[in-house]
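>>> starting from these lines, generate the structure:
(2 chains)
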Amino acid sequence: MDKPNSSRMVVPEHEHARLAHVVMRKQASLSLRVAAVFLFMLFGLPLVNLHLPQVAGTNVGGFTLTWLFLGVIFYPVTWLLSWYFIRESNRIEAECADWRAVLGEEAGEPLEPAGVEDIQPAFIAEDIQAAAEHEKELHRGEEGKSQ
Amino acid sequence: MIAWIPFLFVLAMVVSTIWLGVWATKQSKTASDFFVASRQVSVGWNASAISGEYLSAASFMGVAGLIMKNGYDVLWYPACYAAGYLFLLLFIAGPLRRFGAYTIPDFAEGRFDSPLFRKIAVTFVLFIGFFYTMPQMKGAGITMAQILNWPYWAGIAAVGTVITFNVALGGMKGITFVQAFQYWAKMFAISAPVFVLMSVYGGYSVTVSGNATGDPKASPRFPAESTIKVPGPEKAPANSLTYRDPVVLGLPAGTTLKINKAAALGQNKEGWELLVFDGPHGDYGSRYTEFAPGKEIAVSSDARLLSVGVGTDNMTTPTKLEFLKAVELKTASGMPVPNAPANKAWLSPFGPFTGKWGYPLLYTYSLIVALVCGTAGLPHILVRFYTNPDGRAAKRTTFWVMVLIGAFYLFPPVWGALGRAVMPQLYANSKTDAVVIALPTMLENKLLGQILSGITSAGAFAAFMSTFSGLLVSMSGALAHDIYGRILRPKSTPAQRLVAFKVAAIAFGIISMVLGYLVETFDIAMMVGWAFAIGAASYFPLLLMGSWWRGLTKYGAGIGMLTGGLLSLAAIITHMLLDKKILVWQLGPLARTLLEQPAVWGVPLALVTMYIVSRLTSNHIPHDVNLKMLRLHAPEEMGLSKNYIDH
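Sure, this is the predicted structure:
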């Protein structure tokens, strides 16, 4: 079986699904945000070339605007996006380093990913918490049996 | 004629590369050193090494050549070669590094607990690898032809042999240092000569905008009387000359050709002449033999070919001469250069490259998809992320790789623009891929020209040596590790696998040389683009879906990867055979576009197949899928990573 390398933070198996969900969600939303900007630029440029040839052909310092963009400016823009992504992604990793904090267990927070409570009425959060506590008890029961 | 100075530069580059390799090999003793270079490489070294390995003959020679040949549309190649890393960074590099898989087959097995799937995945290392090595070999062949006047095959044989032995003896630890060194060699070689050339012929914007100020329909002209060397039909399509302007050409006796327009061959008081008609023509009587368009014409004595062209009213089709035997044509100073696009078509988007089949937007999008998604599917690139000590270092490395290769890619387009302005005769002989080697020799100062050409030749060598080495390591490693070590002889010792690695390196080296010999007429950058397209439709969907969708099953992943990858491969090979006229199917322009650039359907096809098949086989989702997803996405501090590599 798979043995975690570190005994410091053993994630119990029943938490894998929830933890994976929370962590993936945070990282996916960052990746998708940056990708959206990037794809907009990448797929937008051919459309500008096609539908606005005068804009694309504007003379800028001897170049056409579209040549200057794709041949020169494009590269620093990708560097900026990459720099932003790495900064944010490291921040997320730092936030997620302790799985208990991620799941909000010690703090006894609602178990949905951060941000959800903003749009949820309080009673839903309470229900979720109650359901989670119920589940915890179930697990405790199972562990008791297996011992 | 041998260009001695460039030859000495190349020799110095080859010798120093091998010496560095041997020196580093002395320090790599164990088998795991040999395969992955222990994970101790610093960010700076690793970024230089990844960039060094990535910048292949396609980047060094091919992009400049293809930009010279086709103009703006080709800017997508360098832009997306660089941008592919951003995509890799956003979706794949982090998860893969955390997962502890260092090759795609490792990932395939670890993610789905399926050794069988690993074996399927490994086959694509070979498909993509061979597509990538072919253009490297072409680069070697034409560089040696340019500087030593060797035949094309001899350059391939010499260079291929040297690199193959270097890999068989060196392994990868050696290559990390050598690759890093070669990045800086390439960067210097592509940039320094450009500044000298620009000081003589005008800056980047001047050579680009030269195409905007003149007559938009005009194309470059020969600066002096020249000879056009046309190869025979075995090198099709290089045996065709396309003229967009009126032209007079000297045809030697014994020329046989086909013309896409009506023609008449006859004699007047100035001698034999071959008239090409752009429309209805008068009655030339019995003194002239008339030929319908496409008829074979044999010219028995020296003759002048006279053709009016696009410039005249109601004429839009260029004149296309297809020679059926190798021939040397005389052309006067001021005559249009065949095969060169007109100024406006070169400068503007949707020119002769993406517009060749009449679906320029579709072609452009398909190219973008292939290049951006394909970077993640290159077998020799992902391996290097494993040599980072952790995921943060992997991300920092990626950032620096983007900076290093982006800075490099500012230069090839300058070469392309300069080549069009200064050395248009390369169009005529289908030698645009050699522009970075040949252009410096145009300088008035011959010695300086030879030295600069020596620098670019050495850079070109660094390019195809580094990429070819990296690919050989990946392909031989896959064979030794997966096919030999796990399928043929599962009980083999590491020493036996090392022998298998060396044998595989030599075998793949030889196969690559043979394939390289066969692809002389294809553009280097296009061939590399095809390797990307196959990677984009096979490995990229596997990595993307495998990292982000827990519902993916081994059946979904395997069938999707095979469907997308094999159909893309088939499409590209069909296109190549059609282009070489080995297959003579009449296909519509839409079909030709989709065959030449298959990513626009190949990638979605693979993704959709993965989704549907996975849904149908959802009872095969690995039972510990959540732990696997955690390994892929949770920070390494959680200590969930596991190494899938076995030493």
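>>> next, the contact list for whatever residue of the stretch 401-550 of chain B ends up closest to chain A, please.
Proximity of the stretch 401-550 of chain B to chain A (Cβ to the nearest Cβ) peaks at residue B:406, 3.4 Å away. Backbone N, C-alpha and C define where each C-beta goes, glycine included. By Cβ atoms under 8 Å, 6 or more residues apart in numbering or on different chains, residue B:406 lies in contact with A:75-76, A:78-79, B:82.
>>> so which of the residues you listed sit within helices?
Among those, the residues falling in helices (DSSP state H) are A:75-76, A:78-79, B:82.
>>> does chain B sit close to the lengthiest helix in chain A?
Criterion DSSP H: the longest helix present in chain A is helix A:16-51. Yes. Using Cβ under 8 Å from any Cβ of the partner chain, we find that helix A:16-51 touches chain B at A:16-17, A:19-20, A:23-24, A:27-28, A:31, A:34-35, A:38, A:42-43, A:46, A:49-50.
>>> which among those residues count as buried?
By neighbour count, with 16 or more other Cβ atoms under 10 Å in any protein chain shown, the residues of helix A:16-51 next to chain B hold A:16, A:19-20, A:23-24, A:27-28, A:31, A:34-35, A:38, A:42, A:46, A:49 as buried.
>>> gap between residue B:610 and chain A?
Applying Cβ to the nearest Cβ, to the nearest Å, the value for residue B:610 to chain A is 18 Å.
>>> surely that residue and residue B:541 touch.
Yes. Judged on Cβ atoms under 8 Å, residue B:610 makes contact with residue B:541 at a distance of 5.8 Å.
>>> next, count neighbours for the closest residue to residue B:583 other than its chain neighbours.
Once flanking residues are discounted, residue B:583 sits nearest to residue B:577: 4.2 Å by Cβ to Cβ, 6 or more residues apart in numbering or on different chains. Neighbour count of residue B:577, defined by other Cβ atoms under 10 Å in any protein chain shown: 13.
>>> any idea which element residue B:577 lies in?
helix B:554-579 (DSSP states H and E).
>>> what is the mean pLDDT for that helix?
The pLDDT scores in helix B:554-579 average 93.
>>> elements contacting it?
Contact analysis of helix B:554-579 by 3 or more Cβ pairs under 8 Å, 6 or more residues apart in numbering or on different chains; DSSP states H and E lists helix B:104-112, helix B:115-148, helix B:524-548, helix B:589-596, helix B:599-616 as its packing neighbours.
>>> give me the distance from the shortest one to the chain's centre.
Okay, so that is helix B:589-596. Relative to its chain's centre, helix B:589-596 lies at 19 Å (Cα atoms, centre = their mean, to the nearest Å).
>>> list the buried ones in that helix?
For helix B:589-596, by 16+ other Cβ under 10 Å, it's B:591-596.
>>> CSV for the helices and strands packed on helix B:554-579, including mean pLDDT and distance to residue B:238?
Below are the helices and strands packed on helix B:554-579 laid out as CSV (pLDDT from 0 to 100; distance: least, Cβ to Cβ, whole Å):
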stretch, mean pLDDT, distance to residue B:238
helix B:104-112, 84, 36
helix B:115-148, 86, 12
helix B:524-548, 91, 14
helix B:589-596, 91, 18
helix B:599-616, 95, 26
